[in-house]
Structures are given as structure tokens and as C-alpha cells.
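How does the following fold in three dimensions:
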Amino acid sequence: MMTAHSTAIPTPYADDVEILADLGYFPVPIHAGRKNPILKDWPRLSREQAVRLADVHPHASIGIHCRNVRAVDVDFMDPTIAGLIEQWLIKNVVKDGDALIRVGQAPKFAMLFGATGKHRKRSAAS
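Numbers count the residues shown, from 1 in each chain. The predicted structure follows:
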């Protein structure tokens, strides 16, 4: 199932933490309006602990630990090009329709996939 979620306001932590944990992601509470985690020990956070933190930090922004995630970051401001890349990814990369799309400044987006095993960062620009 393709899941797209785009809002002008960051999603409060308490709203989506259980959904992300159920989908296999490792949610992390983030300082609202910033990009850094609230907890210093966030890399050791389990899914269960992350869900319980919704009571403590309900209005925090939400991030995910990328230990089991791979992403394709599409930074094209041309909606036609971004749309063609999204269609290609859905047709050629997405397995069983499972991917999470994060839209920040449309039409730019990041498509996230669950993954296992070791990986290294790659860039089309390099």
C-alpha cells in the first residue's frame, strides 16, 4: 500500500508514532521546528519505548531512525520530472506497494523503503 502524507505543519509525534511503529519503522521524537532528536540516547530507542514516549512528548515532531530504511531523495522542482521519477520508482522499485513518501517542499519528495542488510550511501551526483 502506498502511503503519502503531506502537510504544511509537522505531524505531531502522538498522531503517527503507533502507525509508523506498526509499519516496522523506529520513530524518534524530534524538537518541534528543528531536526534534532529530543533524546540523547535515541539510537537505542526500541519501537515499544518510542510508542510510550507519545505520552511524554505528544507535540514533538516525528522522525525515524534509518537503521532499516533506504531512501530515494528526489530534489527536482519541476513537477513533470518529479512525477516521472515517482512513477518510475513505483513501477520498478516499490515491492508489494509498500513505500512511505515524505513531501516537504513539493514537488520534491523522499520515498522511503524498509530494508535489511548493510548498505552504503550513494548519490546520483557523484
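
Quick check: closest non-adjacent residue to Leu53.
Nearest non-adjacent residue to Leu53, counting by Cβ to Cβ, 6 or more residues apart in numbering: Pro29, 5.5 Å away. Yep, even glycine has a C-beta here, placed from its N, CA and C like the rest.

go on, Gly83?
What sits nearest to Gly83 in space, not counting adjacent residues and going by Cβ to Cβ, 6+ apart, is Pro107, at 7.0 Å.

next one: phi and psi at the one you found?
Note on Pro107: its backbone torsions stand at phi -90, psi 10 [degrees, to the nearest 10].

Report all helices and strands that the longest helix seen in the chain contacts.
Of all the segments assigned as helix in the chain under DSSP state H, the longest by residue count is helix 79-92. Here helix 79-92 touches strand 69-74, strand 99-103, strand 109-114, going by 3 or more Cβ pairs under 8 Å, 6 or more residues apart in numbering; DSSP states H and E.

Need the residues that contact that helix.
The contact list for helix 79-92 (Cβ atoms under 8 Å, 6 or more residues apart in numbering) reads 2, 72, 74, 76, 99, 101, 106-109, 111.

try 7 Å this time
Helix 79-92 has contacts (Cβ atoms under 7 Å, 6 or more residues apart in numbering) with 72, 74, 76, 107-109, 111.

Let me have those in a markdown table, extended by distance to Pro58 and neighbour count.
Output for those, formatted as a markdown table (distance: Cβ to Cβ, whole Å; neighbours: other Cβ atoms under 10 Å):
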| residue | distance to Pro58 | neighbour count |
| --- | --- | --- |
| Val72 | 31 | 17 |
| Val74 | 31 | 18 |
| Phe76 | 35 | 14 |
| Pro107 | 31 | 17 |
| Lys108 | 28 | 16 |
| Phe109 | 27 | 23 |
| Met111 | 28 | 21 |
